[in-house]
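J.: what's the 3D shape of this:
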Amino acid sequence: MTSIVKFNNQIPPTSEENIEKVRIAEEIIRGHAQIEFCTEHVFHAGMYARTVRIAPHVVFTSVLIKRPTLLVTRGSYEMLAGDRWVAVDGYNVLQASAGRKQIYRTITEVEMTMIFPTKATNVADVESEFTDETESLLSRKLENDIVITGVPACLE
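T.: Residues are numbered from 1 along each chain as shown. Prediction:
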């Protein structure tokens, strides 16, 4: 059994070996009933925020994220962060590296918001900006997304 360690609010890149392990876990997870959830997309002032809310006692994986982001979370969950399992609780603003692919296990309801600067103005373009695995995004498969557009970034 892998031990859970204290978390330092930084998500490092995931090793190639562990990315392959996450991909194997994805195949196992796909064999079970899938949850449905809403993805909220906000474009405002040159920033993109993507929020999901996941029920308690759910195991899920992320796509391979190819750019650094902030990840704001609320709730209790365990996560593969880089190459180690960590326990996360409460409200956290995480520094999330590029090259990460995670497995999560929620303990309570968990809210997650990924934030990064972008020039994209639509969901398809911004999703292609943060991952090459867009075909695996549930926001591409479910009809329940919410898109909010605020003011554009300043032109300098």
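J.: In this structure, which residue is most central in space?
T.: Taking C-alpha atoms, centre = their mean, the centroid of the chain lies closest to residue 62, which sits 5.5 Å from it.
J.: Would you agree that residue is in contact with residue 104?
T.: Yes - Residue 62 is in contact with residue 104 according to C-beta atoms under 8 Å; the separation is 7.5 Å. Every residue, glycine included, has its C-beta placed from N, CA and C.
J.: in this protein, which ranges drop under the pLDDT threshold?
T.: Filtered on pLDDT under 70, the chain yields the residue ranges 1-7, 141-145, 151-156.
J.: swap the cut-off to 80 and go again
T.: Along the chain, segments meeting pLDDT under 80 span 1-8, 36, 138-156.
J.: how about the helices in it?
T.: For the chain, applying DSSP state H gives helices covering 16-30, 123-130.
J.: Those: which one's closest to residue 69?
T.: With C-beta to C-beta, the closest approach to residue 69 among those belongs to helix 123-130: 7.1 Å.
J.: helices or strands up against that closest one?
T.: strand 39-44 (3 or more C-beta pairs under 8 Å, 6 or more residues apart in numbering; DSSP states H and E).
J.: Between helix 123-130 and the strand it packs on, find me the angle.
T.: Note on geometry: by axes from the mean of the first three to the mean of the last three C-alpha atoms, to 10 degrees, strand 39-44 and helix 123-130 are set 90 degrees apart in direction.
J.: hmm, who's touching strand 39-44?
T.: Contacts of strand 39-44 with the rest of the structure, by C-beta atoms under 8 Å, 6 or more residues apart in numbering, involve 48-52, 118, 120-121, 123, 126, 138-139, 142, 144-151.
J.: Return the list of strands paired to it, each annotated with direction.
T.: strand 47-54 (antiparallel), strand 146-149 (parallel) (DSSP bridges).
J.: Highest mean neighbour count out of those strands?
T.: Across the strands paired with strand 39-44, averaging neighbours per residue (mean count of other C-beta atoms under 10 Å) puts strand 47-54 on top, at a mean of 18.
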